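Participant: Below are the sequence and a predicted model; questions follow.
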Amino acid sequence: NLRVTDGRIAGSIGVVMDVTDRREAEAQRAALARRLSLQARAVELVTELDVESRLDALAALIVPALAECCAIHLVEPEGIRLAGVRHADPSLQPYIRELIESFPVGVDQPYGAGAVIASGQPQLLPEVPDAVLVATTKDRPESLAGFRALQLRSGFSVPLISRGRALGALSLGRTSDSAWTEDDRALVEQIASTAALALDNAQIYGDEHVARAASERNLRRLGLLAEVTTALVRSLDLDHVLDALAGLLVPRLAEMCTIDVVDEGRTRLVAVRAIDDAAIASLREAEVRRPRRLNEAGAVAQVIRSGVPLLIADVDNDFLRERAVDDEQLKQLLALDIHSSAIAPITARGHVLGAISLLGLGPDGRRFADEDVDLLVEIGKRAGLAIDNAQLYGREHSLAEALQRSLLPELMPLPGLDVAARYLPSSDHAQVGGDWFDAFPLADGAVGIAVGDAMGHDPRASGAMGQLRSVLRSYAFEGALPGVVLEKLDRLVQGFAMAQLATVFYGRLEPAGSDGSRLFRYSSAGHPPPLLCSPGGDSKLLDDGQSIVIGVPLDDTDRPEAVVTLSPGSLLICYTDGLVEGRHRPIDRGTAILRDAVQSLGPGASANEVCDHVITVMVGEDRDDDIAVLVVGLREDSR
């Protein structure tokens, strides 16, 4: 109300709000909550009660929440049987049960439970005209009157399907004019799916206890095989993955596991795991006398020789005595207290690569059977693939590394300089790469220093690396300045397509002056800047004189150069990007670590010591790129 100063009412203001949308949203939320609650209660019912009780209770839950009547039929060897029925009117419950129980359901019927069981598809009847009732009861006309009395307006039947089989049907009927919405049908299908799964589980777990235990055991073994496969593909480090494999099997399958591998004609014990260290100590002491794999009478040697798995269900003292080489070994084998053993070959591509052994220790230890051997054979096959891949990778990696090193120069002694270099191939690649380094004398008494990286990890990159190094030497020997050398190199690369892309750093170290210092002129084509350390411990990156990488067209601009003075005792560390950059380390962070590593050595370290220390600090086992390092030190007595 509005009031004026004298207290009289001058008018009024009213506010009208349309809350239709809000009420509809609230109604939708409430309906959704009811449906979710219904679904949750349905799941609870069919997963806690026995088959008959769960289905009858499920029908009681559905009525009247989703329909006025509900029937559940099951497929059994003798036919289709009514398992649950419910009507919204309790007084009609006995009548409808008798009606539906007496009515035979067949898969040849056009409507209802029989039809959806036969087709495996839901059936919606938005209306139930009298013609449908007549067609449904044509083989039993006496039931027509009963179905007419139900006064059904619509119906929805859903098959109960699990693992591709129709186990029965869930049929709902409505006597009201309420339409079946998509949400209604989706909820009924979800309930039917849950009920089908519960029925299937009930049938499975209704079998004998032995069958159920076997099924659970198979699931565990499949899970173990999956874990084994995952463990074997995590790395190409053979000893590491096989030790992890043995760790998976103890104590899940045995109290002890050993893995022997044939490598280049020699058999070696790669992994051994046991439930306690004393068992491992006894085995190793027994192996000192003569390894089982080398004992022709031994079971491991027999499996490796024949490729046939072996089961020793009961290992007695006589069995061990026949295979022991002397009394001392027998003593250690008896200390293991072996009661059972299973051994399977490790195979790949038709070759035996080793053997994997399971040992049951102690009176309460594992007693192996044929099914254990079958599982072990499968594990052996998976281990064989891992071993074969690791050995193949090792051979290819060694060959690639040897080829790469053959293409790199042998550093010659350079007066007044202490020079050392290292090359490490990538642990991720078996191919040769494009990283290289060089230090060589020039005709005028100067020294050329170069490091580069041709793109790629393949023979083409390695070939490009060799060509780049040779061409750069040729241009440098003529006495050309660094920028000119890189420009000529770039033109030749583009003219003859020698490489796709390459980064190159080239510097010219001039002869020493009267005080022993030397000018260093350099130019870089997209290469990481070298680190210069002074005798006093200061360091800086030589990041001037930068231009674009080799292989990318430039305009007529000359490649820039820079010059710096190196005093006696200075260190120059040149490297490729693999040293400072990786998957989990940005280049700035890597460069900072490199600087700290060099400075931590202090003055007086030799070039070889610097190389070794840098590699130790900077490089891990998991290298994702090749690495080249070149260290040049000016001797204190270089004048």
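Facilitator: Arrived safely.

Participant: Ramachandran angles for G602?
Facilitator: Phi and psi for G602, reported as degrees, to the nearest 10, are phi 80, psi 180.

Participant: Can you report how many residues lie near it?
Facilitator: Around G602 sit 8 other residues, with neighbours defined as other C-beta atoms under 10 Å. To be clear about C-beta, it is placed using only N, CA and C from the backbone, and glycine gets the same treatment.

Participant: again with D326
Facilitator: What D326 shows, counting by other C-beta under 10 Å, is a neighbour count of 9.

Participant: pretty sure it contacts R289?
Facilitator: Yes. D326 lies in contact with R289 (C-beta atoms under 8 Å); the separation is 6.1 Å.

Participant: what pLDDT does the most centrally placed residue in the chain get?
Facilitator: With distances taken as C-alpha atoms, centre = their mean, T230 lies nearest the centre of the chain, 7.1 Å away. For T230, the pLDDT comes out at 82.

Participant: I'd like to know how far it sits from L509.
Facilitator: Plainly put, T230 is 53 Å away from L509 if you go by C-beta to C-beta, to the nearest Å.

Participant: related to what we said a few turns ago, any idea which helix or strand carries the residue nearest to the centre of the chain?
Facilitator: Under the criterion of DSSP states H and E, T230 resides in helix 209-232.

Participant: Apart from its neighbours in sequence, what residue is nearest L509?
Facilitator: V447 (4.3 Å; C-beta to C-beta, 6 or more residues apart in numbering).

Participant: Revised request: answer the last question for K540.
Facilitator: Take K540 and drop its neighbours on the chain: the residue closest to it by C-beta to C-beta, 6+ apart is L532, 5.7 Å away.

Participant: E127 too?
Facilitator: Once flanking residues are discounted, E127 sits nearest to S154: 6.2 Å by C-beta to C-beta, 6+ apart.

Participant: can you pull up the bridge partners for the one you found?
Facilitator: R174 (DSSP bridges).

Participant: Quick check: the gap between it and L411.
Facilitator: 91 Å.

Participant: Then E98?
Facilitator: Note on E98: its distance to L411, by C-beta to C-beta, is 102 Å.

Participant: Quick check, Y475 in contact with K488.
Facilitator: Yes. Using C-beta under 8 Å, Y475 makes contact with K488 at a distance of 4.9 Å.

Participant: hang on, the earlier thing: quickly find the element holding the residue nearest to K540.
Facilitator: strand 531-533.

Participant: which residues of the stretch 401-550 of the chain fall in helices?
Facilitator: With DSSP state H, counting those that start in this stretch as the criterion, the stretch 401-550 of the chain has helices at 459-477, 482-496.

Participant: how about the nearest residue to V504, chain neighbours excluded?
Facilitator: In space, V504 is closest to G452, 4.0 Å off (C-beta to C-beta, 6+ apart).

Participant: Kindly report the same for S193.
Facilitator: I161 (7.5 Å).

Participant: And the pLDDT for that neighbour?
Facilitator: For I161, the model assigns a pLDDT of 94.

Participant: Counting by contacts, list what the helix or strand hosting it packs against.
Facilitator: Taking DSSP H and E as the definition, one finds I161 inside strand 154-162. Strand 154-162 sits against helix 113-119, strand 123-125, strand 165-174, helix 182-205, with contacts defined as 3 or more C-beta pairs under 8 Å, 6 or more residues apart in numbering; DSSP states H and E.

Participant: Average pLDDT for the shortest one, rounded please.
Facilitator: Model confidence over strand 123-125, given as mean pLDDT, is 95.

Participant: Which helix or strand lies directly C-terminal to it?
Facilitator: Criterion used, DSSP H and E; the element after strand 123-125 is helix 130-136.

Participant: Grab the CA positions of that following helix and hand them over as CSV.
Facilitator: The C-alpha trace of helix 130-136 is given here as CSV (Å, rounded to 0.1, in the frame of the first residue of the first chain):
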residue,chain,number,x,y,z
ASP,A,130,-10.1,-56.0,-29.0
ALA,A,131,-8.5,-57.4,-32.2
VAL,A,132,-5.2,-57.8,-30.3
LEU,A,133,-6.8,-59.8,-27.5
VAL,A,134,-8.6,-62.0,-30.1
ALA,A,135,-5.3,-62.6,-31.9
THR,A,136,-3.5,-63.4,-28.7
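
Participant: Give me the contact list for it.
Facilitator: Residues from elsewhere that reach helix 130-136 (C-beta atoms under 8 Å, 6 or more residues apart in numbering): 109-112, 125, 144, 147-148.
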